[in-house]
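Student: What follows is a predicted structure for the sequence shown.
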Amino acid sequence: MNTALKKLLYRILGISSTPKGAYNFRINGINEGRAEFGGIQIINKCDKPGLNIIVEPGVKGEVIHIPVLIDRSGFSDLVYNDFHIGENCDIKIIAGCGIHNDGVHATQHSGIHTFYIGKGSNVKYDEKHYGQGSGRGDKVLNPKTVIYLEEGGRMEMNSVQIEGVDETERITKAVLAEDASLITKELILTSGIQSARTDFKIELNGKNSSVSLVSRSVAKDKSKQYFYSVINGNNKCKGYSACDAIIMDQAMVKAVPDVTAKHVDAELIHEAAIGKIAGEQIIKLMSLGLSYEEAEEKIVAAFLS
């Protein structure tokens, strides 16, 4: 693994070598390293690029690393990963994609992840997207996540895109059964002329199912962000959606909520707050010796932490 790839690996996973437990490394469209561990199987798909990750019922405390690394300019990658989580599991999955592009052509990764989470299972899913490189070619990342939560299943999804991604369309769809719960937290930073679009669509089908969608973002320069959130309450359920954004310079942020109750006991809430950094926050930090730019950076970092 060259220096650029090692840097990508560290930025998206926080590691610099082979992790413990189960893992699969995809580098420039090829599976370059794999290990199965503790009731977890990782199998190549036969009909299209991607993996079947199978977790046996009752597996607890295991971590699966599924990174994608690309350092070829003009390369386009498409992968389908299906996660089959047995009943009564408690696991963590760490994924993400890093692109290094020193060339003039766009490099793109589209990752379609589908989760089938069994009864009573708990899954924590962390993904980070990052781009770097000195070339003029765009870094494009289009993640799609589809989630099926069976009775009593729970998933917590943390998605972070903080630097270097020129264009992204982020799609998350979920269907929840009785007593199932989904928590998603999204952090996005755009700058320059970058664009980011987020689409959530959640079907709360089961009695006492619940979802919490929280997106925090910062838009700088002339970048653009779009946030679309659809929650359908089809039974007795609770749904919460929030979009909080800081807008700077000549950027644009658009938030479009869509909550639909189809049951008398559906409780659905959407909140959105978009605005600039408050002047008094800048002044307070400048009084402590920071420059205007340093104060601004500190506020942005705290907002996205």
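Tutor: Looks like it came in fine.
Student: Now Arg119: phi and psi?
Tutor: For the record, residue 119 is Lys, not Arg. Listed backbone geometry of Lys119 is phi -60, psi 130, with angles given as degrees, to the nearest 10.
Student: neighbours of it, just the number please.
Tutor: Neighbour count of Lys119, defined by other C-beta atoms under 10 Å: 18. For every residue, glycine as well, the C-beta is placed using N, CA and C.
Student: Tyr125 too?
Tutor: Tyr125 sits with 23 neighbouring residues when counted by other C-beta under 10 Å.
Student: Tell me what it is bridged to.
Tutor: The residues paired with Tyr125 through beta bridges, assigned by DSSP bridges, are Ile93, Met157.
Student: What of Glu163?
Tutor: In this structure, Glu163 bridges to Tyr130 when assessed by DSSP bridges.
Student: Just the pLDDT at it, thanks.
Tutor: As summarised for this prediction, Glu163 has a pLDDT of 82.
Student: all helices of this protein, in order?
Tutor: Remark: helices of the chain, listed N- to C-terminal, are 3-13, 279-286, 292-303; assignment by DSSP state H.
Student: Could you dump these into CSV and include mean pLDDT and distance to Asp90?
Tutor: Supplementary listing: the helices of the chain in CSV, determined by pLDDT from 0 to 100; distance: least, C-beta to C-beta, whole Å:
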stretch, mean pLDDT, distance to Asp90
helix 3-13, 89, 21
helix 279-286, 79, 40
helix 292-303, 85, 31
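Student: mind checking which of those is nearest Asp102?
Tutor: helix 3-13 (8.2 Å; C-beta to C-beta).
Student: buried set for the closest one?
Tutor: Taking 16 or more other C-beta atoms under 10 Å as the neighbour-count basis, helix 3-13 is seen to contain the buried residues 4-5, 7-9, 11-13.
Student: for stretch 152-159, same thing?
Tutor: 152-157, 159.
Student: Widest-spaced pair of those?
Tutor: Comparing every pair within the buried residues of stretch 152-159 by C-beta to C-beta identifies Gly152 and Ser159 as the most remote, at 23.7 Å.
Student: on that earlier part again, just the closest of the buried residues of helix 3-13 to Ile299, please.
Tutor: Arg11 (22.7 Å).
Student: if I look at the closest one, how far off is Thr18?
Tutor: Summarising the geometry, the distance separating Arg11 from Thr18, computed by C-beta to C-beta, to the nearest Å, is 17 Å.
Student: And for Gly206?
Tutor: Using C-beta to C-beta, which is the criterion applied here, Gly206 is 40 Å from Thr18.
Student: Repeat that for Gly275.
Tutor: Using C-beta to C-beta, one gets 45 Å for the distance from Gly275 to Thr18.
Student: Next, format the buried residues of helix 3-13 as CSV and append distance to Gln108.
Tutor: Supplementary listing: the buried residues of helix 3-13 in CSV, determined by distance: C-beta to C-beta, whole Å:
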residue, distance to Gln108
Ala4, 17
Leu5, 17
Lys7, 20
Leu8, 15
Leu9, 19
Arg11, 18
Ile12, 16
Leu13, 21
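Student: which among those gets closest to Lys124?
Tutor: Scanning the buried residues of helix 3-13 for proximity to Lys124, where the rule is C-beta to C-beta, the winner is Leu13, at 14.5 Å.
Student: who touches that closest one in this structure?
Tutor: The neighbours of Leu13, taking C-beta atoms under 8 Å, 6 or more residues apart in numbering as the test, are 19, 65, 67, 94, 96, 128.
Student: need the contact list for the fifth one.
Tutor: By C-beta under 8 Å, 6+ apart, the residues touching Gly96 are 12-13, 67-68, 126-130.
Student: where's stretch 37-45 relative to the chain centroid, distance-wise?
Tutor: Taking the mean of its C-alpha atoms, stretch 37-45 sits 23 Å from the chain's own mean (C-alpha atoms, centre = their mean, to the nearest Å).
Student: Stretch 213-221 too?
Tutor: Its chain's average C-alpha position is 13 Å from that of stretch 213-221, according to C-alpha atoms, centre = their mean.
Student: Tally up the residues packed near Glu280, please.
Tutor: Applying other C-beta under 10 Å, we find 8 residues neighbouring Glu280.
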